[in-house]
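J.: Kindly return the folded structure for what I paste below:
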Amino acid sequence: MRELIRVTDLTCCHGAVEALEKVSFAVDAGEYVGIVGPNGSGKSTLVRALLGLFPVAAGEIRLFDTPVSDFKQWSAVGYLPQNLGPLNPSFPATVVEVVQLGLLAGKGFPRRMQRRDRQLVEEVLEKLGIAHLGQRLIGELSGGQQQRALLARALVSRPELLILDEPTAALDPEIREQFYGLLGEMNRSKGTTVLLVTHDIGVIGTHASRMLYLDKKVLFWGGFDEFCHSPEMTAFFGEHAQHLICHRH
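T.: A predicted model of the protein is given here:
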């Protein structure tokens, strides 16, 4: 199995405070990983470090067997950041234009959209149920519609690795289930590797195959069945918290 991510003894700091301490794990192609933990546990710091957006104080990150500082294949990585809040209603870009940005990383100069590019944009908008919003200004959309447009931007290049940081915060329950269903379909049918940061701990076991429980250090890393049947994890997390994670619907 090809390894897409390897994190070794990663330490990151906010000033003098350690946000992550000697974090280590590896993710193979095709895995679906849920990253969970309390507020302030370093989940978003980890995501930003994986993307080369946060300095590494110690340790190493490798993407596709390349040190993240030297990594150039960003068209193979899709990223959906935390909900940024409502965009300015007069932000001068349509949904189609925002989604097209997801194709530019893989293009040389001059960066022009071809017919196939436009077809990819149409396909992903259709799949996410927002094709009818393509010519609307993104700032005019609801929070859930904006989140789907930003997900379309992350998906349009058909990335091998998809990293999502709290992606469901602005989605209503029905759209949230559709969202999880789409991720699961991509993981199963396309082999897309998914890293999903979430507070929605009660549904993680329903969708992801592995769990990284983070609280500045790695408290648990492994399969869900392993977690659910571990007396050590039951003693550490408590039966109620473990039940929330393990209760797959």
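
J.: pretty sure Lys22 is in a helix, no?
T.: No - going by DSSP: H, G, I helix; E, B strand; the rest coil, the assignment for Lys22 is strand, not a helix.

J.: who touches it in this structure?
T.: If you count contacts by Cβ atoms under 8 Å, 6 or more residues apart in numbering, Lys22 has them with Asp9, Leu10, Thr11, Ala58, Gly59, Lys217. C-beta coordinates here come from the backbone N, C-alpha and C atoms, glycine included.

J.: Return the backbone torsion pair for the fifth one.
T.: Listed backbone geometry of Gly59 is phi 90, psi -170, with angles given as degrees, to the nearest 10.

J.: how much space between it and Lys22?
T.: 7 Å (Cβ to Cβ, to the nearest Å).

J.: hey, what's in contact with both of those two?
T.: Between them, Gly59 and Lys22 share these contacting residues under Cβ under 8 Å, 6+ apart: Asp9, Leu10, Thr11.

J.: Closest one to Glu3 out of those residues, please.
T.: Nearest to Glu3 among the shared contacts of Gly59 and Lys22, counting by Cβ to Cβ, is Leu10 at 15.7 Å.

J.: Produce a ChimeraX select command limited to the buried residues of the contacts of Lys22.
T.: Buried residues among the contacts of Lys22 (16 or more other Cβ atoms under 10 Å), as a ChimeraX selection:
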select :10,11,59
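
J.: Closest to Leu150 out of the contacts of Lys22?
T.: Lowest distance from Leu150 to the contacts of Lys22 (Cβ to Cβ) belongs to Leu10, with 26.6 Å.

J.: Now the closest one. Nearest residue, chain neighbours left out?
T.: In this structure, Leu10 finds its nearest non-sequential neighbour in Gly59, 3.9 Å apart by Cβ to Cβ, 6 or more residues apart in numbering.

J.: And for Leu133?
T.: Among residues not flanking Leu133 along the chain, Val95 sits closest, at 5.2 Å (Cβ to Cβ, 6+ apart).

J.: which residues touch the one you found?
T.: Val95 neighbours (Cβ under 8 Å, 6+ apart): Leu125, Ile130, Leu133, Gly134, Gln135, Arg136, Leu137, Ile138, Leu141, Ala149, Ala152.

J.: Give me the number of neighbouring residues for the nearest residue to the fifth one once chain neighbours are set aside.
T.: Read it as Gln135. In this structure, Gln135 finds its nearest non-sequential neighbour in Thr94, 5.3 Å apart by Cβ to Cβ, 6+ apart. Counted with other Cβ atoms under 10 Å, the neighbours of Thr94 add up to 17.

J.: now the strands: where do they sit in this structure?
T.: Shown for the chain, the strands assigned by DSSP state E span residues 3-14, 17-28, 32-36, 58-63, 66-67, 77-80, 161-165, 193-197, 210-215, 217-223.

J.: nearest to Gln145, of those strands?
T.: Among the strands of the chain, strand 77-80 sits nearest to Gln145 (Cβ to Cβ), with 14.2 Å.

J.: Parallel or antiparallel, list what pairs with that closest one.
T.: strand 161-165 (parallel) (DSSP bridges).

J.: Quick check: mean pLDDT of the partner strand?
T.: Averaging pLDDT along strand 161-165 yields 94.
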